[in-house]
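1. Below: sequence and its predicted model.
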Protein chains: 2
Amino acid sequence: MTVSTQFELSKEYLERLKLAIEEKNVDFIRETMEGVNPADISAVLEEFDGVDSKYVVDNLDTAIGAQIISDLEEDTRKDFLKVFEPGEIAQFIEIIDSDDGADILNEIPVKIREKIIASLDNEEKVSHLLDLLRYEEDTAGGLMAKELIKANINWTVIQCIEEIRRQAENVEKIYSMYVVDDRDKLLGRVSLKKIILSDDKTKIADIYSEDVISVQTFMEEAEVAATMQKYDLVAVPVVNLQGKLVGRITIDDVVDVITEIAEQERQIMSGISEDVEEDDNLWVLTRARLPWLIFGLFGGLLGAKVIGFFEGDIKKITEIALFIPLIMATGGNVGIQSSSIIVQSLASRSVFEENTVKRLLKVLLVALINGIVLGIIVLGISYWIMDWQNVDFAVVVSVALFCVVLLASFMGTVTPLLLNRFNINPALASGPFITTANDILGLGVYLVVVRLFYAI
Amino acid sequence: MTVSTQFELSKEYLERLKLAIEEKNVDFIRETMEGVNPADISAVLEEFDGVDSKYVVDNLDTAIGAQIISDLEEDTRKDFLKVFEPGEIAQFIEIIDSDDGADILNEIPVKIREKIIASLDNEEKVSHLLDLLRYEEDTAGGLMAKELIKANINWTVIQCIEEIRRQAENVEKIYSMYVVDDRDKLLGRVSLKKIILSDDKTKIADIYSEDVISVQTFMEEAEVAATMQKYDLVAVPVVNLQGKLVGRITIDDVVDVITEIAEQERQIMSGISEDVEEDDNLWVLTRARLPWLIFGLFGGLLGAKVIGFFEGDIKKITEIALFIPLIMATGGNVGIQSSSIIVQSLASRSVFEENTVKRLLKVLLVALINGIVLGIIVLGISYWIMDWQNVDFAVVVSVALFCVVLLASFMGTVTPLLLNRFNINPALASGPFITTANDILGLGVYLVVVRLFYAI
């Protein structure tokens, strides 16, 4: 994929590397990793344990090692850093951007964290890190890096170029310079393109653009992501309450936030209660899954209790049992569809809140259509195709199904809206919680309809 | 949020704008939208129909109008452009980037599309658009824009600056220049930072970096997204089979791809068969939902048929009916959890395929633990807490539940792997299809276990 370095990651390479680590074959490691993108080396090291990985990193440039460590996945890195001394970790943190440095410090026990900070030589870095550690991790303050290039409004272009030269080492990616006044208040931005195309003596005040979109330190990361996505930004300046420029968020971190939010949602919808991956150990996998399974189990036992009330009815009309799966499955499907549409609607953060009554009316209409269609199909099939002579009962099932569709639509719509109102992630409404609740309610409705018809 | 233009989008503003459109109050429109970010205006117009929106756009600068239209959501834009003449649409397409232009043309019926292309003045734009229309929409070729800045390897820095000046109007966002040979073959890149910091006479050959990551035109968009995310890129050059530089993909388009993929996955998991939003009309909403509901209905009827085989047993032991919900719910929950973990594992595109046997063994182990824990809980509760005297039957339920957990884990693991093998989206395995299949299988297992125990 790269033009220069074709690094083909293969199982064979992995095995040869494993052997090289065992045999302490430093040449093999250095030669095969020469010029390879650190992100590719990180992907390799995800497959090794901390001790082996440390051996590889120890034999590469510190700068490469620092990049590798900042590219590792959080879980891997946590294990990984346990085999490093605080002083070694400090060396890496000296090199990488302050936002990645703060992330790493946040993953480390407080005692070791303090030792690492004490080992740092660069005083500016220390003050940057201490500043960043103050912010909640899932806010703009927690996402931002302190490295950025700012220009005073009174400067000329040549002064900007000098500043870029001075900071070139610290700030790897520069897209534009932020323009500030003497008190560091953010006034606007000027793109590198404009700096290149302007005469050296041009005043920044004459070429900068006041149209800069900024975010405040306390803005939630999901909102930062939505803002950058809406306005197609690659970087956004972060200001404090006084409007002072305090940091910069780049799009690569926001892309990671977007991916994480999507993964979290999938986990919530699937009834997995913490961030797990297939290669986690048995204990982690079980711990993430059992709580919701047990919850579902109690739901099922409650369902048994509900059916228990109608045991006498079932003794008389065994057909009742036949349609339990049909009722439950349809209720579940309708509920998840409804909540999913609402969750999406909430996630897209439309500026204008729909009128709740109008919203519910529409849901009701869709439910009516679905309920009627499904009811007719069940009636037709159970009457003509299947060999149940009991036509009356087909009508009962059909009516019960219709009621369950209406109820599940209502629950699926109202639950995410309520959760959202109480600042709980509305995606929970598409998970096992709502499915279980819908199952029991659906069963109840079904059995009550049966009883009403037969006045048993 | 912006420093300069605080545009507060409110319901009041929306109503006043509606009135202004009716009264043809051009001054109100121009004054309130002066200096507002086009993305904000697009958000406003999402709330209006095509005719009203056209009135607003007609009274703004063409450049602003073009930006507004490229920022609109696809569905809105489709309706919206119906009220414009081909010549008017051509005016917008002249201004916006070629990738957005090609997207718009792809949304328009072929006949009108040809009229629009015929109305374009800029010949280079026409050739760009015709080139882009050749690619599949969900590949790198379909995502890329033709606008980019390239430098010949033999140039000096001053020649690069001249090129930037020449292209400044066409290429809005410049992060780096791509270095090519005389035949346009991609050789590397040079950042704007480096150009600023180098002497005018420096040769590009001396300062460019060969380490450039590129993608090929036919690469799937999900893979492009993964590549840009892995290497933290804000733009990636696109090359054809001969290695010739043909376009550039910027991160904003990839962020949209990532969001879309996540939304699609949520829809698939929820049994919604097309891209719908809450504000779509009844017909669209019903069409997206009914197919899966009907599918689930047939699953439920099949379940009824399965239970039907055991109707005699239920007549004798009514307790059988009580635990149908418990068995179904647990099977469903276990199946979705298992498939979700596999889907995530497939999506993270780990380079090393896990050994399938090892994978299944691990799944089996987790299932054993879950199955045993759930089995014991059910046994305990139904024996001590609930008032079913039938201890034997509690054992039967417990064993059946254990079997269902194993089976559902297996199905939930194998289904996404199989789907993926046949290039079908594995997320389907967490949707209604697998739930329905699991329901019926689980019921079958349960009833067979019951019969085996009682040898009815």
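-> Okay, I see it. Just so you know, these numbers come straight off a predicted model, no measurement behind them. Residues are numbered from 1 along each chain as shown, chains lettered A, B, ... in the order given.
2. For chain A, give me the ranges with low pLDDT.
-> Counting by pLDDT under 70, chain A shows low-confidence ranges at A:1-9, A:349-354, A:383-390, A:455-456.
3. which residues of the stretch 51-200 of chain A fall in strands?
-> Counting by DSSP state E, counting those that start in this stretch, the stretch 51-200 of chain A has these strands, from start to end: A:150-152, A:176-180, A:186-191.
4. Nearest to chain B among the ones you listed would be which one?
-> The closest approach between chain B and any of the strands of the stretch 51-200 of chain A, judged by C-beta to the nearest C-beta, belongs to strand A:186-191 at 6.1 Å. Heads up, the C-betas are built off the backbone N, CA and C, glycines and all.
5. Now do the closest one against strand A:176-180, angle only.
-> Using axes from the mean of the first three to the mean of the last three C-alpha atoms, to 10 degrees, one finds that strand A:186-191 and strand A:176-180 are set 150 degrees apart in direction.
6. Report all helices and strands that strand A:186-191 contacts.
-> Contact partners of strand A:186-191 among helices and strands, from 3 or more C-beta pairs under 8 Å, 6 or more residues apart in numbering or on different chains; DSSP states H and E: strand A:176-180, strand A:235-239.
7. Can you give the contact residues for that strand?
-> Contacts of strand A:186-191 with the rest of the structure, by C-beta atoms under 8 Å, 6 or more residues apart in numbering or on different chains, involve A:151, A:153, A:160, A:175-181, A:204, A:207-212, A:214, A:237, A:239, A:243-245, B:3-4, B:174.
8. Buried subset of the residues you listed as a ChimeraX selection?
-> One line in ChimeraX is enough to select the buried members of these, burial here meaning 16 or more other C-beta atoms under 10 Å in any protein chain shown:
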select /A:151,160,175,176,177,178,179,180,204,207,208,212,214,237,239,243,245 /B:3,174
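9. And the residue of the stretch 301-450 of chain A that's closest to chain B?
-> Using C-beta to the nearest C-beta, residue A:326 is the residue of the stretch 301-450 of chain A that sits closest to chain B, at 2.9 Å.
10. Spatially nearest residue to that residue (excluding sequence neighbours)?
-> Of all residues beyond its chain neighbours, the one nearest residue A:326 is residue B:300 (2.9 Å), with distances taken as C-beta to C-beta, 6 or more residues apart in numbering or on different chains.
11. State the distance from the closest residue to chain B within the stretch 151-300 of chain A to residue B:147.
-> The nearest approach of the stretch 151-300 of chain A to chain B comes at residue A:300, 2.9 Å away (C-beta to the nearest C-beta). With distances taken as C-beta to C-beta, to the nearest Å, residue A:300 is found 59 Å from residue B:147.
12. Give me the more crowded residue out of these two.
-> The residue with the greater number of neighbours, taking residue A:300 and residue B:147 and applying other C-beta atoms under 10 Å in any protein chain shown, is residue A:300; the counts read 27 against 21.
13. Now do the more buried one against residue A:180, distance only.
-> 62 Å.
14. quick one: contacts for the residue of the stretch 301-450 of chain A closest to chain B?
-> Residues in contact with residue A:326, defined by C-beta under 8 Å, 6+ apart, are A:378, A:397, A:401, B:297, B:300-301, B:303-304.
15. do the same with residue A:202
-> With contact taken as C-beta under 8 Å, 6+ apart, residue A:202 is in contact with A:156-157.
16. With residue A:379 as the reference, measure out to it.
-> Look at residue A:202 and residue A:379: by C-beta to C-beta, they are 79 Å apart.
17. do residue A:83 as well
-> When C-beta to C-beta is applied, the distance between residue A:83 and residue A:379 equals 68 Å.
18. out of these two, which sits in the busier spot?
-> residue A:379 (17 against 14).
19. Remind me which helix or strand the more buried one belongs to.
-> Element membership for residue A:379, per DSSP states H and E: helix A:356-380.
20. so the helix or strand that that helix is followed by versus helix A:356-380, what angle?
-> Next in sequence after helix A:356-380, counting helices and strands by DSSP H and E, comes helix A:391-421. Relative orientation of helix A:391-421 versus helix A:356-380 (the same axes, to 10 degrees): 150 degrees.
21. What residues of helix A:391-421 count as buried?
-> A:393-417, A:419-420.
22. Can you name the residues of the stretch 101-250 of chain A that neighbour chain B?
-> With C-beta under 8 Å from any C-beta of the partner chain as the criterion, the stretch 101-250 of chain A meets chain B at residues A:161, A:164-165, A:168, A:173-175, A:186-188, A:191-193, A:195-197, A:210-215, A:227-234, A:243.
23. The residues you listed, buried ones only, as a ChimeraX selection?
-> In ChimeraX, a selection of the buried entries from these looks like this (16+ other C-beta under 10 Å):
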select /A:161,164,173,174,175,186,187,188,191,192,193,195,196,197,212,213,214,215,227,228,229,230,231,232,233,234,243
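24. Do a quick rundown of the helices in the stretch 151-300 of chain A.
-> If DSSP state H, counting those that start in this stretch is used as the criterion, the helices of the stretch 151-300 of chain A fall at A:157-167, A:192-197, A:204-207, A:221-230, A:251-269, A:282-309.
25. can I have the second one written out in PDB, keeping just the CAs?
-> Below are the C-alpha coordinates for helix A:192-197, written out as PDB (Å, rounded to 0.1, in the frame of the first residue of the first chain):
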ATOM      1  CA  LEU A 192      -0.800  27.500   5.500                       C
ATOM      2  CA  LYS A 193      -1.900  28.000   1.900                       C
ATOM      3  CA  LYS A 194      -2.500  31.700   2.600                       C
ATOM      4  CA  ILE A 195       0.900  32.100   4.300                       C
ATOM      5  CA  ILE A 196       2.600  30.500   1.400                       C
ATOM      6  CA  LEU A 197       0.900  32.800  -1.100                       C
END
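26. list the contacts for the residue nearest to residue A:392 when sequence neighbours are not counted?
-> Distance criterion C-beta to C-beta, 6+ apart; nearest residue to residue A:392, sequence neighbours excluded, is residue A:453 at 7.5 Å. The contact partners of residue A:453, by C-beta under 8 Å, 6+ apart, come to A:392, A:395-396, A:399.
27. so residue A:453, which of the three states?
-> Secondary structure for residue A:453, judged by DSSP: H, G, I helix; E, B strand; the rest coil, is helix.
28. quick one: contacts of the helix holding residue A:379?
-> Contacting residues not belonging to helix A:356-380 are listed as A:326, A:330, A:334, A:338, A:394-395, A:397-399, A:401-403, A:405-406, A:409-410, A:413-414, A:417, B:278, B:282, B:285-286, B:289-290, B:293-294, B:297, B:301 [C-beta under 8 Å, 6+ apart].
29. do stretch A:97-108 as well
-> Contacts made with stretch A:97-108 from outside it, assessed by C-beta under 8 Å, 6+ apart, are listed as A:69-70, A:74, A:77-78, A:81, A:89, A:92-93, A:96, A:113, A:116-117, A:125, A:128-129, A:132-133, A:137, A:142-147, A:172, A:247, A:253.
30. Tell me how many other residues crowd residue A:123.
-> Around residue A:123 there are 8 residues (other C-beta under 10 Å).
31. Repeat that for the one 5 residues further on.
-> Residue A:128 has 20 neighbours, counted by other C-beta under 10 Å.
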